[in-house]
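> how would this look folded up:
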Amino acid sequence: MKRYKIVYYIFLVLLSIVLMGNTNNNSTPFSERMFPPIHTEFTTFHYSGFIILFLMYYGFKGLLSLKKHITNIRIKAIILAVLIPLLMTQLWEDGIKIYKSSYHNLNAIYSYYEENSISYRSEDNGAYITGTIHLENLSDEKQDFFIKITLPSYWDDSIVDKELFALEEDLESKKSFTLYPKQEKVIEFVLNGSLLIENTSVSGSTHLFEYTLIHGKEEVNFVGDRSF
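Model (predicted):
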């Protein structure tokens, strides 16, 4: 019976750790995908975090209770439930990088979402859109690609085109980008879109958006955290 309890409590801890993670290609944590946040008029409630903390606390509490002569079990379980997620964040990122480095195509590219952004402003009845994407090529091979940006849904009332390619400075031809082996780079790009309503003065910016790297028939999609 004790053996089954150990397996059960270890499973709860491991489950909570997995729920904290993501796949990098989709930065929304697994927990937020399974338990979507509740949006109200004034705020957003991310209850999945409480589920993770409860699972981890209960798992550690159970494991500690199986050991003899351990005092303050609840306090120690709380400390572990708080510290482990902090430690696992970096370990999870390192694990994803190791996994991606095994590829020899666009799947070897890692995205740093916290530094990604796009913004737009009206200009001559059109939308002048600029952005940056922070990427790292984890493979030993050069990666060439085009970038297709999918604009956020809440820009639907302002911009006609929902999918735009990064362009050259003349805003006419598509721009090809290159990442050399093991190169980390912040890529700057320009887009050109049409406004839904002409002769208006509008602007906006966000770091939560979707983009696709394209090389021939190969496409790799990256999605910013949509839980907010």
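
> the closest residue in space to T206 that isn't next to it in sequence and S205, how far apart?
Excluding its sequence neighbours, the residue lying closest to T206 (C-beta to C-beta, 6 or more residues apart in numbering) is P152, at 5.6 Å. C-beta coordinates here come from the backbone N, C-alpha and C atoms, glycine included. According to C-beta to C-beta, to the nearest Å, P152 stands 10 Å off from S205.

> between these two, which one's more packed in?
Between P152 and S205, counted using other C-beta atoms under 10 Å, P152 has the larger neighbour count: 17 against 12.

> and the pLDDT for the more buried one?
Confidence at P152, expressed as pLDDT, is 79.

> repeat that for F11.
94.

> secondary structure element for it?
Element membership of F11, judged by DSSP states H and E, is helix 2-20.

> elements contacting that helix?
helix 30-34, helix 48-65, helix 73-100 (3 or more C-beta pairs under 8 Å, 6 or more residues apart in numbering; DSSP states H and E).

> average pLDDT for the longest one?
Looking back up the chat, that one is helix 73-100. For helix 73-100, mean pLDDT rounds to 89.

> ok, now the second one?
Helix 48-65 comes out with an average pLDDT of 91.

> what sits closest to Y113 if chain neighbours are left out?
Using C-beta to C-beta, 6+ apart, the closest residue to Y113 is S27 (4.7 Å).

> next, give phi and psi for the one you found.
The phi and psi values for S27, taken as degrees, to the nearest 10, are phi -80, psi 0.

> quick one, phi/psi of the residue of the chain most remote from its centre?
Centroid-distance maximum for the chain: H69 at 43.1 Å, with C-alpha atoms, centre = their mean. Note on H69: backbone dihedrals following degrees, to the nearest 10 are phi 70, psi 30.

> how near is it to K76?
Taking C-beta to C-beta, one finds H69 at 13 Å from K76.

> go through the worst-scoring helix or strand of the chain on mean pLDDT and flag the buried ones.
None of the helices or strands of the chain scores lower by mean pLDDT, DSSP states H and E than strand 203-206, at a mean of 75. For strand 203-206, a neighbour-count test (16 or more other C-beta atoms under 10 Å) marks G204, T206 as buried.

> so which residue is dead centre in this protein?
Geometric middle of the chain (C-alpha atoms, centre = their mean) lands on S27, at 1.8 Å.

> ok, that residue - contacts?
Contacts for S27 (C-beta atoms under 8 Å, 6 or more residues apart in numbering) come out as S111, Y113, F222, V223, G224, D225.

> PyMOL command for the buried members of those?
In PyMOL, this line selects whichever of the contacts of S27 come out buried by 16+ other C-beta under 10 Å:
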select buried, resi 111+113+222+223+224
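
> which one of the contacts of S27 is nearest F42?
Nearest to F42, judged by C-beta to C-beta, of these is D225 at 20.3 Å.

> please report how far the residue nearest to Y113 lies from E163.
20 Å.

> same question, G204
Taking C-beta to C-beta, one finds G204 at 17 Å from E163.

> returning to what we had before: filter the contacts of S27 down to the ones in strands?
Of the contacts of S27, the ones assigned to strands by DSSP state E are S111, F222, V223.

> redo these as CSV? Include distance to G131 and pLDDT.
Formatted as CSV, the ones in strands among the contacts of S27 follow (distance: C-beta to C-beta, whole Å; pLDDT from 0 to 100):
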residue, distance to G131, pLDDT
S111, 13, 94
F222, 13, 93
V223, 15, 90
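
> that concludes my questions; thank you for your assistance.
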